[in-house]
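*Asks:* only the shape, not the letters, is given here:
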């Protein structure tokens, strides 16, 4: 069974550009969430999608957005990139919906460097 | 969301048992306690989850006292490959938003 797949694994952008990251969850998983990991702030929740609807959103500016498609694949977009957006962006999927405490399956992440 | 407190780092030697304790004084009735492991440049990996008393799986045990204000992850006979950051989380279950603390950097020495 394939795990969570994130693309691209590495990318370099310059300030002011935008970036789109992709996440393919484990087959059958309907919940996809995104996290940002930096050395200074650690792992922080960005948002979570379930059945194409954003259910939860973390404390990030509006430059961070996402969406989920009918096949549960998800994308996140960061516009007007800033140096501080350099981070490992992690996607996680889970089988159940709201109310279940099932485990999250994380991908290997997309390493974004903003110059 | 309940906040967790765990040691920043721990050292151990191969073959020893390692116990990492996490404090979560404000845990709510419906919260579960979950532990994840993370290697550098990889996503966290689920280790174990429990609600109360003791839970054991093929890689770890989780001990939760009756008041549930703390928990202890026990790793039996660690090896060098267990060197990683271990996160203790309180999972409210009502949403898929997990709050990761600083984690514990476990270093296993030969």
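*Replies:* Structure's in. What do you need? Keep in mind the model is a prediction, meaning the values are calculated, not measured. Numbering: from 1, shown residues only, chains lettered A, B, ... in the order given.
*Asks:* low pLDDT regions in chain A?
*Replies:* Residues of chain A meeting the criterion pLDDT under 70: A:1, A:97-102.
*Asks:* report the contact partners of the closest residue to chain B within it.
*Replies:* Per C-beta to the nearest C-beta, the residue of chain A with the smallest distance to chain B is residue A:106, at 2.8 Å. All C-beta atoms are positioned from the backbone trio N, CA, C, and that covers glycine. By C-beta atoms under 8 Å, 6 or more residues apart in numbering or on different chains, residue A:106 lies in contact with A:4, A:35, A:90-92, B:42-45.
*Asks:* can you map out the strands along chain B?
*Replies:* Taking DSSP state E as the criterion, chain B contains strands spanning B:9-13, B:18-23, B:32-38, B:45-50, B:53-56, B:61-64, B:70-75, B:84-91, B:104-109.
*Asks:* now swap in chain A and tell me
*Replies:* A:5-7, A:10-13, A:19-24, A:31-38, A:42-50, A:53-57, A:64-68, A:74-78, A:87-94, A:105-106, A:110-114.
*Asks:* how about JSON lines for these, with distance to residue B:105 added?
*Replies:* Putting the strands of chain A into JSON lines (distance: least, C-beta to C-beta, whole Å) gives the following:
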{"stretch": "strand A:5-7", "distance to residue B:105": "24"}
{"stretch": "strand A:10-13", "distance to residue B:105": "24"}
{"stretch": "strand A:19-24", "distance to residue B:105": "27"}
{"stretch": "strand A:31-38", "distance to residue B:105": "14"}
{"stretch": "strand A:42-50", "distance to residue B:105": "12"}
{"stretch": "strand A:53-57", "distance to residue B:105": "28"}
{"stretch": "strand A:64-68", "distance to residue B:105": "28"}
{"stretch": "strand A:74-78", "distance to residue B:105": "28"}
{"stretch": "strand A:87-94", "distance to residue B:105": "16"}
{"stretch": "strand A:105-106", "distance to residue B:105": "18"}
{"stretch": "strand A:110-114", "distance to residue B:105": "20"}
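*Asks:* those strands: which one's closest to residue B:60?
*Replies:* Nearest to residue B:60, of all these, is strand A:105-106, at 17.6 Å by C-beta to C-beta.
*Asks:* what lines up beside the closest one in the sheet?
*Replies:* Strand pairing for strand A:105-106, determined by DSSP bridges: strand A:87-94 (antiparallel).
*Asks:* what's the angle between the strand it pairs with and strand A:42-50?
*Replies:* Put simply, strand A:87-94 runs at 40 degrees to strand A:42-50, going by axes from the mean of the first three to the mean of the last three C-alpha atoms, to 10 degrees.
*Asks:* beta partners of the residue minimising distance to the centre of chain A?
*Replies:* Nearest residue to the geometric centre of chain A (C-alpha atoms, centre = their mean): residue A:34, 3.0 Å. In this structure, residue A:34 bridges to residue A:47, residue A:91 when assessed by DSSP bridges.
*Asks:* ok, and the closest non-adjacent residue to the residue of chain B found nearest chain A?
*Replies:* Here chain B gets closest to chain A at one residue, residue B:43, 2.8 Å apart by C-beta to the nearest C-beta. Among residues not flanking residue B:43 along the chain, residue A:106 sits closest, at 2.8 Å (C-beta to C-beta, 6 or more residues apart in numbering or on different chains).
*Asks:* thanks a lot, catch you later.
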